[in-house]
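Engineer: Sequence and predicted structure are below.
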Amino acid sequence: MTEARVPHPWIALLHERLDALERALLQGDAPGAELASGAVQAALQQAPRTLELKDGHTRDLHAAAQRFTQLRAATLRAAALNERALGSLLPDHLQKPTYQGLGKPGARRYAGA
């Protein structure tokens, strides 16, 4: 019988945060995905030193990295779809920023127009 290996606590935390991000993406919950994404970023910033993860955690770390990559790609696809939908509903919104040129010398000011 092989003994079940316990993942490093940081890898377990990262998987929990990735689970929350995946749930939010699957439910189409944009605010939830934003919060979960921030939580994943916070977990990544708390990553332990490489030497701590080296002993027996390589496979777990690789699996977490692969999940992160897949969820990142899904997030980028969702953002592109949202941008495309916004562009079809409000085409002018994507073509020119609201405050385009206001900081440039000689630009029209709303107060003097």
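Structural biologist: That came through fine.
Engineer: can we go C-alpha only for contacts and neighbour counts from here?
Structural biologist: Fine.
Engineer: What strand or helix carries the closest residue to residue 33 other than its chain neighbours?
Structural biologist: With sequence-adjacent residues excluded and distances taken as CA to CA, 6 or more residues apart in numbering, residue 33 is closest to residue 24, at 4.9 Å. Element membership of residue 24, judged by DSSP states H and E, is helix 9-27.
Engineer: Taking their axis directions, the helix or strand following that helix and helix 9-27 sit at what angle?
Structural biologist: Per DSSP H and E, the first helix or strand lying C-terminal to helix 9-27 is helix 30-45. When axes from the mean of the first three to the mean of the last three CA atoms, to 10 degrees is applied, the directions of helix 30-45 and helix 9-27 differ by 160 degrees.
Engineer: orientation of the helix or strand hosting residue 78 relative to helix 9-27 in degrees?
Structural biologist: Element membership of residue 78 [criterion: DSSP H and E] is helix 58-89. Between the direction of helix 58-89 and that of helix 9-27, the angle (the same axes, to 10 degrees) works out to 30 degrees.
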